[in-house]
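> Here's my sequence, what's the structure:
(2 chains)
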Number of protein chains: 2
Amino acid sequence: MAPANPYIKQYLMTAGPTPLPPEVESAMAQPMLYHRAPAFIEVYARVLERLRSVFCTSNDVLVFASSGTGAMESAVANLVRPGERCVVASCGKFGERWAELCRAYGAELVHYDAGWGNKVDPVELDATLARSGGATVVFTTLSETSTGVVNDVRALAEVAHAHGALICVDAVSGLGAVPCEQDAWGIDVVVSGSQKALMAPPGLGFASANERALERAQAAPGRRFYFDWSATVAGQRKDPPDSPFTPAVSLLLGLDAALGLIEAEGLDRVLERHRLLGRATRSAVRALGLELFGPDDDGANVVTALRVPAGIDGSRIPKLMRDKYGITIAGGQGKLKGKIARIAHCGYFGAFDIVTTIAGLEMTLLELGYEVELGSGVAAAQRVFVEAGVPAAQPA
Amino acid sequence: MAPANPYIKQYLMTAGPTPLPPEVESAMAQPMLYHRAPAFIEVYARVLERLRSVFCTSNDVLVFASSGTGAMESAVANLVRPGERCVVASCGKFGERWAELCRAYGAELVHYDAGWGNKVDPVELDATLARSGGATVVFTTLSETSTGVVNDVRALAEVAHAHGALICVDAVSGLGAVPCEQDAWGIDVVVSGSQKALMAPPGLGFASANERALERAQAAPGRRFYFDWSATVAGQRKDPPDSPFTPAVSLLLGLDAALGLIEAEGLDRVLERHRLLGRATRSAVRALGLELFGPDDDGANVVTALRVPAGIDGSRIPKLMRDKYGITIAGGQGKLKGKIARIAHCGYFGAFDIVTTIAGLEMTLLELGYEVELGSGVAAAQRVFVEAGVPAAQPA
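As a prediction, the model looks like this:
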């Protein structure tokens, strides 16, 4: 089970968990703090405020000790009443998780499946809502990590609202990598997690619900406790803010450091950096004669998925890259197993992470028998960075 | 909100989060690992095995990214069906949480409240079960953190089983501090958390359910997803084990280091150390002429609660100790606010943590106008350690 050479220098290029900045690593190693002592409360209050900036919202961003799925479940547990109609608009594995959650909570589920690798189409969503006679909530995905697709959630929100439905967006891998302006775009609920573009370890889930969503939740209590929004809202609105259950202190110390880095770089520059990272990766993939999976979309800047070339065993690409070169990328999940490879660039990534990964990919493909001119993908990525005039394109 | 002197050396003496051993702190600062890469899977598999030893069970100990309350909710969500009768046998704040959870999940709740500071009485539980015509599940608490009381869950399990009920024990603060032999005592479900005697940061919840409990859960699916036992059982039983949702990698690295320390010290010696820490603390409290809150119980070795002497504002004790001396103990919660003070000694604690805390308590009480002979409590604690012939009574 051990890698071929366990001492090889490691490069983490997966879409979660993502690499930690050194500032976050050392924050995690701090001595434990009592969660009701001033030293922690100060951190907690600052994290809550900084999350608002990243979510582009004036809502309370509710913090749970949980994975991203826990935050998704909080939305379903608080919004879905048994027998009420919900629409899930999905295009991959994580969108389908909304459907599993809605089924578990007894919704009358209408599932619009746009297909893995496609974008959710606002026109199709509109037709789905019209056909089904409306819905109380539409659940969809900002960045579908399983395929690299990024949806136009702003347009989807308009469609949902036109039909009187709330919209709830899974932004677990997208938030902090691609634009997601909750208040300006009128998104009722955005859920996310700590371990992707927010550059912190996994274990924190976030839910930002507007007043309309909170009211709907309060009107139907029961059969939820840990993920009950009202308990967490009440705690976080106290002065000083408090958590109804013991918060994950170390993870919050790490997140505080990570959000501080985002604040210092500036959210706009963070998003611009991700745009360049995505563009450079796609450019490199094309230069190697490989096919992108999904639409060649200038906005899909979280994960780049490429089709495994014919005649190559797709599962060998990530394995060889990891075992021989220490570079961890992801293969396909579910129905895409062995068919695609995914290079993530959300979070603590800069230009030379892309250079490294593309160089390793070239060497791996060569060994697997795919004809590749070494350095040609790297050069394409370099050109994107040089043309953008952002030599480093890394966090300041 | 800042302490009087923020540079003062800090001592954490609360019952969760508890102090981290240096080995755990540095484990937390490791670079992030992909949760499906061999380097992490090795840690994950080892943690799952080490948890079995601490729970004294052959069950799969299910691991959730959540606080301890999340693990408690998993038990209620998987075991409680709407309208079915459940008995909660409580004696403090955390026992009452079982009642809140059962109500949220629609149980027909029978609540036997033994009163804050008392132990749950097996005879009374027997009478409760007889009166109510049985129950499907009994929920109770091993160590009631709000009062320091430790219940005889072995006797309570016998009573529950005699009435055909399953028993589910909250061992969040007790596990690893006082004996809890799940399989030998026949406890159907034990839930716990990472941040107490297990010496890791908060953010991991555990549920160890036997086959009878797992079967009951499987017979009634629905309205749960993240905390659904079957999904986590299925993942953890894979070879290699997998987590259905992104695991809290850093916390698991920290937990692995902490469980390694428990393994090295030996669980028996760990429990004996806690017995001495509890005995020394109680002895010191008595030597200061203070009254213990709850029964003077040689088995209550997680948290020592003392009554605030008449004429003293109870909320000032923890505040002054923290602000002036850097020692963080806890006051009373809920109905005990201002009436008790709680000194924790579960987890990474040794003899001289008790010496420090008692010394700080003496100095604080003196300043608050309580007549105390400086050093007299400390001496009482020292005598316990000297007589036990365990000069260090600390982790090896």
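> can you tell me which residues contact A:Ser74?
Counting by CB atoms under 8 Å, 6 or more residues apart in numbering or on different chains, A:Ser74 touches A:62, A:64, A:66, A:191, A:205, A:207, A:224, A:227, A:229. The C-beta positions use only the backbone N, C-alpha and C, and glycine is treated the same way.
> what residues are up against the last one?
For A:Trp229, the set of contacting residues under the criterion of CB under 8 Å, 6+ apart consists of A:62, A:74, A:78, A:207, A:209, A:214, A:217.
> Please list the residues of the stretch 101-250 of chain A that sit near chain B.
Within reach of chain B by CB under 8 Å from any CB of the partner chain, the stretch 101-250 of chain A has these residues: A:101, A:104-106, A:193, A:195, A:201-203, A:221-228, A:240, A:244-250.
> ok, 10 Å please
With the criterion set to CB under 10 Å from any CB of the partner chain, the stretch 101-250 of chain A comes near chain B through A:101-106, A:172, A:193-196, A:199-205, A:221-228, A:231, A:240, A:243-250.
> what residue is smack in the middle of chain A?
Averaging the C-alpha coordinates of chain A gives a centre point, and the residue nearest to it by CA atoms, centre = their mean is A:Ser173 (0.5 Å).
> in chain A, which spans are strands?
A:11-12, A:61-65, A:85-90, A:108-113, A:137-141, A:143-144, A:149-150, A:166-170, A:189-193, A:204-209, A:303-307, A:327-328, A:330-331, A:340-344 (DSSP state E).
> TSV for those strands, including mean pLDDT and mean neighbour count?
Converted to TSV, the strands of chain A look like this (pLDDT from 0 to 100; neighbours: other CB atoms under 10 Å in any protein chain shown):
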stretch	mean pLDDT	mean neighbour count
strand A:11-12	95	20
strand A:61-65	98	28
strand A:85-90	98	26
strand A:108-113	98	18
strand A:137-141	98	29
strand A:143-144	98	32
strand A:149-150	98	28
strand A:166-170	98	28
strand A:189-193	98	30
strand A:204-209	98	28
strand A:303-307	97	26
strand A:327-328	96	24
strand A:330-331	96	20
strand A:340-344	97	27
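> could I get the ones you listed as a markdown table with distance to B:Asp298?
Putting the strands of chain A into a markdown table (distance: least, CB to CB, whole Å) gives the following:
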| stretch | distance to B:Asp298 |
| --- | --- |
| strand A:11-12 | 50 |
| strand A:61-65 | 34 |
| strand A:85-90 | 56 |
| strand A:108-113 | 56 |
| strand A:137-141 | 55 |
| strand A:143-144 | 57 |
| strand A:149-150 | 62 |
| strand A:166-170 | 52 |
| strand A:189-193 | 45 |
| strand A:204-209 | 40 |
| strand A:303-307 | 58 |
| strand A:327-328 | 52 |
| strand A:330-331 | 54 |
| strand A:340-344 | 55 |
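> Bridged to the residue of the stretch 251-396 of chain A found nearest chain B, which residues?
For the stretch 251-396 of chain A, the residue closest to chain B is A:Thr328, as judged by CB to the nearest CB, at 4.8 Å. Using DSSP bridges, the bridge partners assigned to A:Thr328 are A:Leu12.
> Let me see the contact set for it.
By CB atoms under 10 Å, 6 or more residues apart in numbering or on different chains, the contact set of A:Thr328 is A:3, A:10-14, A:19, A:318, A:321-322, A:344, A:357, B:33-34, B:36-37, B:39.
> ok, A:Gln30 touching B:Val24?
No. Using CB atoms under 10 Å as the test, A:Gln30 is too far from B:Val24 to be in contact (11.6 Å).
> Between these two, which has more neighbouring residues?
For A:Gln30 versus B:Val24, neighbours defined as other CB atoms under 10 Å in any protein chain shown are more numerous around B:Val24 (27 against 19).
> before we move on, back to that, thinking the residue nearest to the centre of chain A is in contact with A:Thr18, fair?
Yes. Contact criterion CB under 10 Å: A:Ser173 and A:Thr18 qualify, at 9.1 Å.
> so what sits against both of the two?
A:195-197, A:344, A:346-347.
> Return the entry from those residues with the maximum number of neighbours.
A:Ala197 (34 neighbours).
> Check the gap between it and A:Val302 for me.
7 Å (CB to CB, to the nearest Å).
> any residues in contact with both of these two?
Common contacts of A:Ala197 and A:Val302, defined by CB under 10 Å, 6+ apart, comprise A:15-16, A:143, A:173-178, A:274, A:344-347.
> Can you name the two of the shared contacts of A:Ser173 and A:Thr18 that sit furthest apart?
Within these, A:Gln195 and A:Ala344 form the most distant pair, 11.3 Å apart (CB to CB).
> Now list whatever residues contact both of the two.
Contacts common to A:Gln195 and A:Ala344, judged by CB under 10 Å, 6+ apart, are A:15-16, A:18, A:173.
> if we can go back for a sec, separate out the buried members of the residues of the stretch 101-250 of chain A next to chain B.
Among these, those buried by neighbour count (16 or more other CB atoms under 10 Å in any protein chain shown) are A:101-105, A:172, A:193-196, A:199-205, A:223-228, A:231, A:243-250.
> got the domain boundaries for chain A?
Chain A breaks down into these structural domains: A:11-19+A:266-388, A:31-263 (assignment by automatic domain parsing).
> now for the ones you listed, which one comes closest to B:Asp113?
Checking the domains of chain A against B:Asp113 by CB to CB gives domain A:31-263 as the closest, at 19.2 Å.
> Quick one: end-to-end distance for the closest one.
End-to-end distance of domain A:31-263 (CA to CA, to the nearest Å): 25 Å.
> Surely A:Arg218 is in contact with A:Asn78?
If you look again at residue A:218, you'll see it is Gln, not Arg. Yes. Counting by CB under 10 Å, A:Asn78 is a contact partner of A:Gln218 at 8.7 Å.
> Neighbour count for these two, which is higher?
When A:Gln218 is set against A:Asn78 and neighbours are counted by other CB under 10 Å, the residue ahead is A:Asn78, at 25 against 13.
> Next up, the contacts around that one.
A:62, A:105, A:168, A:189, A:207, A:209, A:213-214, A:216-218, A:220-221, A:224, A:227-230.
> Now go through those and say which are in helices.
Of the positions in those, A:213-214, A:216-218, A:229-230 sit in helices, assigned by DSSP state H.
> Out of the residues you listed, which is nearest to B:Leu129?
Nearest to B:Leu129, judged by CB to CB, of the ones in helices among the contacts of A:Asn78 is A:Ser230 at 33.2 Å.
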